[in-house]
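A.B. asks: Pasting a predicted model and its sequence here:
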Amino acid sequence: MLNYYYENALKVGEIKLKDVENVNFTNAYSNLMEKLENGDVGFREVIYEEDIEKYESLRGFKNVVVIGMGGSILGTVAIYRAISPFENGAYFIDNSDPEKTLSLLKNLDLNESIIYVISKSGNTLETLVNYYLIKKRIEKINNFKGKIVFITNGGKLKREAEKNNYPIYSIPENVPGRFSVFTSVGLAPLYSLGVNISEILEGAREMDKTCQNDDIFENPALLNGVIHYLYDNLGKDISVIMSYVESLKYFGGWYKQLIGESLGKNGYGITPLLSIGAKDQHSLLQLYIDGKKDKVITFMIAEKYRLDENIAFEDVNDEEIVCKYSDIIKSQQKATEISLTNNGVPNVRITIDEVNEKTMGALLYMYEMQVGFMGELYNINAYNQPAVEEEKRICWDLIKSSKKQI
Ligand SMILES: O=P(O)(O)OC[C@H]1O[C@H](O)[C@H](O)[C@@H](O)[C@@H]1O
């Protein structure tokens, strides 16, 4: 499914095997296990609560529209765009940028759409406004044939759903937004998009078994967490995901929220960045190799690419080379890995057998567990995000002070 290769992180010389062994990771391990077992944090129990029947009525629409912000949409986008990078029919309304949202709505036939309004709090400004943009359009349609589904636990949006008798799915309270992809937040829209959600959960469950291993060298989530924690303590506090599978770029968006919002607390925090290989070899690699030594690189590569073919081409000396197209990008990833290691830049690699529902379930779950462990290592609350609330208060005041009559 996924192979985690960490040896290069110890090869560059700043942290050694004994440094990993000296970290008090047993405490971090047992603290997280305790939180998961007693239900303080619920992102594990949900992967064992598969109930596909409750989504039965959510298929059969030409278009699937998802309105949501942050944890209410990033996981769905990460999985769907990884599994079906070139498909149409999915419309993700995940910002308040008029140019993006209104151009997306322009050619969207709402009559042939299932529309998800997803917000755990039910009060998120962008989700609210984007819902009203769609509501305004639906009110102009005679005999609307589409479907509106709310996934929310409260707030203005829950009241709106109840007032209009729209179906409502709830989110377990002990599952923070950015850990909610394996709840209805992700599973319902993915089901509507024809994705095999059982396979996603199967992948997450298999990874859960691996991440319960208390031998750190058999537990990629714990080990990767400890390696990033140790390097952060050495001032290497930028975590770059360098994916050589371009369809994983939306995974990067999910990763940024998970790491940023979970660990950015009390003056701590790793800065998550996304790079795409081989493209960024021609933009950021110079910085990664010869710039500030403040980064840990995580390579992502596929063992099997879903599209591939044999190619014959002439090299710069006019000699013919015959190989598989994917051999090119695999060689580029390997060469970059060797060059980074030669130049003392710590790196790890995750090799994905093939991008599919199962491996995406496993990959996202591995990182949920890693962040759970890291929250314990930093001794912080990895499950809230109090610092984002001030902006919201200021923003509502600004909007109210600038409101117009229409
Ligand atoms: O699901 P919602 O309540 O709408 O929240 C959506 C997102 O917005 C909040 O501001 C937080 O930053 C995120 O953690 C959350 O995932």
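C.D. replies: That came in fine, so what should we check first?

A.B. asks: Flag every buried residue along stretch 346-355.
C.D. replies: For stretch 346-355, burial by neighbour count (16 or more other CB atoms under 10 Å) applies to 346-352, 355. Placement of C-beta: from N, CA and C, glycine included.

A.B. asks: One more: stretch 22-41?
C.D. replies: For stretch 22-41, the neighbour count (16+ other CB under 10 Å) marks 23, 25, 28-29, 31-33, 35-36, 41 as buried.

A.B. asks: can you tell me which of these are up against the ligand?
C.D. replies: Restricting these to those near the ligand by CB under 6 Å from any ligand atom leaves nothing, as none qualifies.

A.B. asks: Could I get those in a markdown table, plus columns for distance to Leu364?
C.D. replies: Converted to a markdown table, these look like this (distance: CB to CB, whole Å):
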| residue | distance to Leu364 |
| --- | --- |
| Val23 | 25 |
| Phe25 | 22 |
| Ala28 | 20 |
| Tyr29 | 20 |
| Asn31 | 22 |
| Leu32 | 17 |
| Met33 | 19 |
| Lys35 | 19 |
| Leu36 | 16 |
| Val41 | 16 |
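
A.B. asks: of all the residues in the stretch 151-300 of the chain, which ones are close to the ligand?
C.D. replies: Residues of the stretch 151-300 of the chain that fall close to the ligand, judged by CB under 6 Å from any ligand atom: 177-178, 261.

A.B. asks: Where neighbours are concerned, which of the residues you listed has the most?
C.D. replies: Top of these by neighbour number is Gly177, holding 26 neighbours under the definition other CB atoms under 10 Å.

A.B. asks: Just give the nearest non-adjacent residue to that residue, would you?
C.D. replies: The shortest distance from Gly177 to any residue other than its chain neighbours is 2.8 Å, reached at Gly71 (CB to CB, 6 or more residues apart in numbering).

A.B. asks: can I assume that neighbour is in contact with Lys256?
C.D. replies: No. With contacts counted by CB atoms under 8 Å, Gly71 stays clear of Lys256, the gap being 11.7 Å.

A.B. asks: between those two, which one's more packed in?
C.D. replies: Gly71 (26 against 17).

A.B. asks: any idea how far Pro386 is from that one?
C.D. replies: 15 Å (CB to CB, to the nearest Å).

A.B. asks: likewise Ile115?
C.D. replies: Computed with CB to CB, the distance linking Ile115 and Pro386 is 31 Å.

A.B. asks: So for the two, which sits in the more crowded spot?
C.D. replies: Counted by other CB under 10 Å, Ile115 and Pro386 do not tie: Ile115 has more neighbours, with 25 against 8.

A.B. asks: who does the more buried one bridge with?
C.D. replies: Legend: beta-bridge partners of Ile115 under DSSP bridges are Val65, Ile148.

A.B. asks: check contacts around it.
C.D. replies: 65, 67, 134, 146-149 (CB atoms under 8 Å, 6 or more residues apart in numbering).

A.B. asks: go on, Ala302?
C.D. replies: Residues near Ala302 by CB under 8 Å, 6+ apart: 244-245, 326, 351-355.

A.B. asks: how about a cut-off of 10 Å?
C.D. replies: Ala302 makes contact with 243-245, 247-248, 308, 326, 329-330, 333, 351-355, 359, according to CB atoms under 10 Å, 6 or more residues apart in numbering.

A.B. asks: Average pLDDT for the helix or strand hosting Glu389, rounded please.
C.D. replies: When secondary structure is defined using DSSP states H and E, the element that contains Glu389 is helix 389-401. The pLDDT scores in helix 389-401 average 96.

A.B. asks: Pull the residues that contact it.
C.D. replies: Residues from elsewhere that reach helix 389-401, judged by CB under 10 Å, 6+ apart: 121, 123-125, 129.

A.B. asks: again, 8 Å this time
C.D. replies: When contacts are taken as CB under 8 Å, 6+ apart, the neighbours of helix 389-401 outside the stretch itself are Leu125.

A.B. asks: Strands of the protein, start to end?
C.D. replies: In order along the chain, the chain carries the following strands (DSSP state E): 2-5, 63-67, 90-93, 113-119, 147-152, 168-169, 238-243, 271-276, 295-302, 310-314, 320-324, 347-352.

A.B. asks: now the fourth one: how far from the chain's centre is it?
C.D. replies: Going back to what we said before, that points to strand 113-119. Here the centre of mass of C-alpha atoms in strand 113-119, compared against the chain's by CA atoms, centre = their mean, to the nearest Å, lies 19 Å away.

A.B. asks: per-domain residue ranges of the chain.
C.D. replies: What the record gives for the chain is the domain set 2-37+199-378, 60-193, from the TED database.

A.B. asks: Using CSV, lay out these together with mean pLDDT.
C.D. replies: Compiled in CSV, the domains of the chain are given as follows (pLDDT from 0 to 100):
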stretch, mean pLDDT
domain 2-37+199-378, 97
domain 60-193, 96
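
A.B. asks: want to throw the ones you listed into JSON lines with distance to Ser402?
C.D. replies: As requested, the domains of the chain are arranged in JSON lines below (distance: least, CB to CB, whole Å):
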{"stretch": "domain 2-37+199-378", "distance to Ser402": "28"}
{"stretch": "domain 60-193", "distance to Ser402": "14"}
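
A.B. asks: Tell me the one of the contacts of Ile115 nearest the ligand?
C.D. replies: For the contacts of Ile115, the closest approach to the ligand (CB to the nearest ligand atom) belongs to Ile67, at 9.7 Å.

A.B. asks: doesn't Ser113 make contact with that closest one?
C.D. replies: No. Between Ile67 and Ser113 no contact is recorded; they are 11.3 Å apart, counting by CB under 8 Å.
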